[in-house]
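>>> just a sequence and a predicted model for now, questions to come.
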Amino acid sequence: MLCKNSANQDICDIPQQEVYDKPAFTVVVVGSVDHGKSTLLGRLLMESGAVEVDRVRRVETICAAKGSNFEPAFLLDALEEEQSQGVSIESTHCQLRYEGQKFQFIDAPGHLEFIKNMTGAASYARIAILVIDAVEGVRSQTIRHLEVLAMLGVTRLLVAVNKVDKINYDSAAYHDICAKTQELLNTLKLDCDHFLPISALNGENLFKASENLPWYSGKTLIQVLSELAPPAARGCNSGYFRMMLQDVYRFGGERFFAGRVVSGSITPGQLILFSPSGKVSIVEAIISYPDEKRELAVAGECVALKLSEQIFVERGEIVSRPDQAPEVLDEFIATIVWLAEEELELGAQYILKIGTAEVGCSVYAFTSNNESVDLLNRGDVRDVIIKPSSPIALDRIEGTSGLNRFVLCTKYDTVAAGSVMEEKRIFRGMPVASPFVQRENGYLERMVIEAAQGHKAAVLWLTGLSGSGKSALAKALEARLFAAGRTVMVLDGDNLRKGLCADLGFSREDRAENIRRIAEVARLLLDAGTLVIVACLSPYAEDRDRARSIIGEDDYLEIFLSCPLEVCQGRDPKGLYKKAASGEITSFSGLDSPYQPPVHPNLLIDSNQMSLDQEVEAVIALLRSKQVIGTAIGRIWPAKRPNTSQSMAREVI
């Protein structure tokens, strides 16, 4: 017997049946109220023999005493309030076996008032059955449930069009519902594995094909579910190893680290890592209830690990292999559905629960267009910034572990459920660490400065491959504008990486943060009335769009220097292509890292064909067309490519 170590006392309180349960394929059943979810599950339980005959008879007796007809749903709706109202309030869990596969079904309530319970149910599942009434079709609750499924990352979906007996088994009506549902799924970017017609009340097309559906040649519902059962539910060991540490137990002076394997597998002798603590040890033995030593533990199983070193870790850690570690973050962006009656307030404190981990956190909300909002109302689905009070381990990308899903709680209630987004960087328009930080305006407004200078401020964003001539054009523009008396400044990407962005590398995320910082600096200079010239490779369209949103649509002028890669390689002014070819540089844009050219830049410059003088004239023409500058402006003559000293002469045109 394993015993828990608490306050230096041995307490035999292991939740044995719960902790050491066997793998099961978890399915959540969702859909609008009265569309037949509970009836479907009740019928599945009856026909599979998962419910005792005595229980069925007992429910039939109760129905007869009340003068009502027996329905399979009554086998599930155990709460008195549910039976009196005819709706499911709490999500119901039930299990059945079919051809050696164990299924755990979660009957999620469909009533609008009980969406919180539906969300909690969906967060445990990897596949969902969407039940749609063939008479009523898609309802508003159907759409809301699909939105929640998409947010929680439920990747597999089966659509069961129920009550086909009520439409006289009409093939045309059935296919019309399927088509409309598919349009909705396309909008939400959800994939449907199967559509199938059923009558849950009559048990048609659940375990056996129905004679009333001669036009349907597909599989029955249980056959489809059996085919969709994921590898983890069949005892396979694919995927990164993840175990959620439930607790540490002590027996006979030894410690055992107990938890559920949620993906992958583990064997004795392997090195493991605990996150976020960073502790490592070697698995000496794997124990399962009651006292069985194992040579392998796979996804879905609950086991206890005996380690070669007695390290100190606490509940909530994620166990993995060191080379397959989860991320440890102190802030991230997530999509949540707000479930509480009270509004979410900017900067409010909540409890974040991911897996078995619980930490305090602050929550900030913002919309997709980066305009900050202060409140979220019940039922709102929105992206938020979450800042845990201490680093937390998670998987940002949806996988087999499900460790990108979470709930937010108060001391007494669950207020939100959500999933972590892949992008974790925080960009302009989102709240800063403290909600009390306010923007301070300068003494002089920008329009006053512009009037005094005789020109408007703007940001010229030069983008293109390395060697396309961004820096050369930036310098020539700077000289031309300065000679004409304009307030101008160049922000060169290389210079900024020497200072402000020196802590950033060239990963996808670091590149995004690099562009964000440059855009923020450009915005500050813009507010001071400066003509800002940004010379930065900025290979990703998403990052440039974000820079545009930071700077402002009207003030951001995107200039694309188009030049063939082979020409840029031939120029190679900084020797970077040569270093990339030798392997000294990796993730080089245009080679082993993508460059996404602008689709609709404000100005396209063919730097392979145009002279530097022509490029400058094209930019000046753009500034005039946007009324940033007037017609009287100095000129540098002649302009040449870099590495050649210039003499500047001003000529008014």
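Received the coordinates, thanks.
>>> kindly list the longest helix within the chain.
Taking DSSP state H as the criterion, the chain has its longest helix at helix 508-527.
>>> quick one: contacts of it?
Contact partners of helix 508-527, identified using Cβ atoms under 8 Å, 6 or more residues apart in numbering, comprise 423-425, 427-428, 442, 446, 457-459, 461, 489, 491, 493, 496-497, 500-501, 504, 532, 534, 536, 538-540, 542-544, 546-547, 550-552, 555. C-beta coordinates here come from the backbone N, C-alpha and C atoms, glycine included.
>>> all strands of the stretch 501-650 of the chain, in order?
Assigned by DSSP state E, counting those that start in this stretch, the stretch 501-650 of the chain shows strands spanning 531-535, 556-562, 603-606.
>>> same question, the stretch 201-350 of the chain
Listed in chain order, the strands of the stretch 201-350 of the chain (DSSP E, counting those that start in this stretch) span 242-251, 254-263, 265-266, 271-275, 280-288, 292-294, 297-298, 302-307, 318-320, 327-329, 332-338, 344-345, 348-354.
>>> output the below-cut-off pLDDT ranges for the stretch 201-350 of the chain.
Scanning the stretch 201-350 of the chain for pLDDT under 70 picks out 230-238, 290-291.
>>> how does the chain divide into domains?
By the assignment in automatic domain parsing, the chain contains the domains 31-230, 238-324, 328-420, 446-625.
>>> in a markdown table, list those domains along with distance to F25.
Below are the domains of the chain laid out as a markdown table (distance: least, Cβ to Cβ, whole Å):
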| stretch | distance to F25 |
| --- | --- |
| domain 31-230 | 5 |
| domain 238-324 | 9 |
| domain 328-420 | 13 |
| domain 446-625 | 34 |
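>>> make a markdown table out of the ones you listed and add mean neighbour count.
Converted to a markdown table, the domains of the chain look like this (neighbours: other Cβ atoms under 10 Å):
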| stretch | mean neighbour count |
| --- | --- |
| domain 31-230 | 18 |
| domain 238-324 | 18 |
| domain 328-420 | 18 |
| domain 446-625 | 18 |
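>>> could you export the strands of the stretch 201-350 of the chain as TSV, including distance to K102?
Shown next, in TSV, are these (distance: least, Cβ to Cβ, whole Å):
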stretch	distance to K102
strand 242-251	20
strand 254-263	15
strand 265-266	19
strand 271-275	28
strand 280-288	17
strand 292-294	19
strand 297-298	14
strand 302-307	14
strand 318-320	24
strand 327-329	32
strand 332-338	30
strand 344-345	38
strand 348-354	26
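>>> which of the ones you listed sits closest to G570?
Between G570 and the strands of the stretch 201-350 of the chain, the tightest spacing by Cβ to Cβ is seen for strand 327-329, at 40.5 Å.
>>> list of residues touching the closest one?
In this structure, residues lying in contact with strand 327-329 by Cβ under 8 Å, 6+ apart are 275-276, 388, 391-396, 424.
>>> so which of those residues comes closest to Y249?
Using Cβ to Cβ, the contacts of strand 327-329 come closest to Y249 at S275, 20.5 Å.
>>> quick check: L408 touching V415?
Yes - assessed by Cβ atoms under 8 Å, L408 is found in contact with V415 at 5.3 Å.
>>> what touches both of these two?
Counting by Cβ under 8 Å, 6+ apart, the shared contacts of L408 and V415 are Y350.
>>> could you pull out the strands for the stretch 351-500 of the chain?
Counting by DSSP E, counting those that start in this stretch, the segments of the stretch 351-500 of the chain that form strands are 357-365, 375-376, 381-388, 392-394, 405-409, 414-420, 458-463, 488-492.
>>> helices of the stretch 551-653 of the chain, residue ranges please.
Along the stretch 551-653 of the chain, the stretches classed as helices by DSSP state H, counting those that start in this stretch are 565-571, 576-581, 612-625.
>>> redo the ones you listed as JSON lines? Include distance to C94 and mean pLDDT.
As requested, the helices of the stretch 551-653 of the chain are exported to JSON lines (distance: least, Cβ to Cβ, whole Å; pLDDT from 0 to 100):
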{"stretch": "helix 565-571", "distance to C94": "60", "mean pLDDT": "90"}
{"stretch": "helix 576-581", "distance to C94": "58", "mean pLDDT": "85"}
{"stretch": "helix 612-625", "distance to C94": "67", "mean pLDDT": "93"}
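>>> can you lay out these as JSON lines showing distance to A348?
Converted to JSON lines, the helices of the stretch 551-653 of the chain look like this (distance: least, Cβ to Cβ, whole Å):
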{"stretch": "helix 565-571", "distance to A348": "50"}
{"stretch": "helix 576-581", "distance to A348": "47"}
{"stretch": "helix 612-625", "distance to A348": "46"}
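>>> which one of the strands of the stretch 351-500 of the chain lies nearest to V628?
strand 458-463 (4.7 Å).
>>> between the closest one and strand 488-492, how many degrees?
Put simply, strand 458-463 runs at 30 degrees to strand 488-492, going by axes from the mean of the first three to the mean of the last three Cα atoms, to 10 degrees.
>>> pull the distance from strand 458-463 to the chain's centre.
From the chain centre to the centre of strand 458-463 is a distance of 31 Å (Cα atoms, centre = their mean, to the nearest Å).
>>> please name every helix or strand in contact with that strand.
Counting contacts by 3 or more Cβ pairs under 8 Å, 6 or more residues apart in numbering; DSSP states H and E, strand 458-463 is packed against helix 470-483, helix 508-527, strand 531-535, helix 541-551, strand 556-562, helix 612-625.
>>> quick one: contacts of that strand?
470, 473-474, 477, 522-523, 526, 531-539, 544, 547-548, 551, 555-561, 598, 601, 619, 623, 626, 628.
>>> partner strands of it, with direction?
Strand 458-463 sits in its sheet next to strand 531-535 (parallel), strand 556-562 (parallel), going by DSSP bridges.
>>> so which of these comes closest to S140?
Ranking the strands paired with strand 458-463 by proximity to S140 (Cβ to Cβ) places strand 556-562 first, at 39.3 Å.
>>> may I have that closest one exported as CSV, CA atoms only?
Taking C-alpha atoms only, strand 556-562 is exported to CSV below (Å, rounded to 0.1, in the frame of the first residue of the first chain):
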residue,chain,number,x,y,z
TYR,A,556,2.7,53.4,-42.2
LEU,A,557,4.1,53.3,-45.8
GLU,A,558,5.4,49.9,-46.8
ILE,A,559,8.1,49.9,-49.5
PHE,A,560,9.1,46.5,-50.9
LEU,A,561,12.6,46.3,-52.5
SER,A,562,12.1,43.4,-54.9
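>>> angle of that strand against helix 541-551?
150 degrees.
>>> can we start the residue count at 729 from this point?
Yep, numbering from 729; the last one is strand 1284-1290 now.
>>> starting at the chain centroid, how far to strand 1284-1290?
On Cα atoms, centre = their mean, the centre of strand 1284-1290 falls 31 Å from that of its chain.
>>> could you give the angle of it to helix 1236-1255?
Strand 1284-1290 runs at 130 degrees relative to helix 1236-1255, counting by the same axes, to 10 degrees.
>>> which residues touch G1280?
1251, 1254 are the contacts of G1280 under Cβ under 8 Å, 6+ apart.
>>> rewinding a little: the strands paired with strand 1186-1191: which one's closest to Y1092?
strand 1284-1290 (25.1 Å).
>>> and the closest one, average pLDDT?
Averaged over strand 1284-1290, pLDDT sits at 95.
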